[in-house]
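Engineer: Next input, structure requested:
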Amino acid sequence: MSSAIISAAIAGRKILQFDYDGGTRLVEPHQLGLNKAGHEALSAYWVGGFSASKNTPRWREYLVAKMSNISATTDKFDGPRPGYKAAPNGTFPGGVTAQL
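Structural biologist: Just a heads-up that it's a prediction; the model follows:
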């Protein structure tokens, strides 16, 4: 179910909201796939909400298994951020499920 919500948010270029490591995050989802360890993960540009490290927008990878309360907001984003790497040279060597 969460993969379907994430994939739809990517296709619709909608801001994604979810809980992760103790806080609610707001991200621009760009790519969903399998990381080097074979875990389903999301490559996204963090734009708001909780951050344990830095509160500056930047690229981050989130493990889907650690995400909860996932929803697409009604807010849209324009498109790929600088530094985005689409498949086949993208972030996920284990394969890509959805991408911009």
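Engineer: Check what pLDDT residue 88 gets.
Structural biologist: Here the pLDDT value assigned to residue 88 is 69.
Engineer: Touching, residue 23 and residue 46? I think so.
Structural biologist: No: taking contacts as Cβ atoms under 8 Å, residue 23 lies outside contact range of residue 46: 11.3 Å. C-betas here are computed from N, CA, C, even on glycine.
Engineer: quick one, which of these two is more surrounded?
Structural biologist: residue 46 (20 against 11; other Cβ atoms under 10 Å).
Engineer: In a strand, the more buried one, correct?
Structural biologist: Yes: Residue 46: assigned to a strand according to DSSP: H, G, I helix; E, B strand; the rest coil.
Engineer: Now do the same contact list for it.
Structural biologist: Residue 46 makes contact with 25, 26, 27, 57, 58, 59, 60, according to Cβ atoms under 8 Å, 6 or more residues apart in numbering.
Engineer: So the fourth one sits against residue 44, correct?
Structural biologist: Just to be clear, that refers to residue 57. No: in this structure, residue 57 is not within contact of residue 44 by Cβ under 8 Å, at 10.7 Å.
Engineer: In terms of neighbours, single out the busier of the two.
Structural biologist: residue 44 (25 against 14).
Engineer: In this structure, what residue spans correspond to strands?
Structural biologist: 14-20, 23-34, 40-49, 58-63, 68-76, 96-99 (DSSP state E).
Engineer: Looking at those, spot the one closest to residue 87.
Structural biologist: strand 96-99 (4.3 Å; Cβ to Cβ).
Engineer: rewinding a little: and the two most separated of the contacts of residue 46?
Structural biologist: Farthest pair in those, by Cβ to Cβ: 26 and 59, 14.4 Å.
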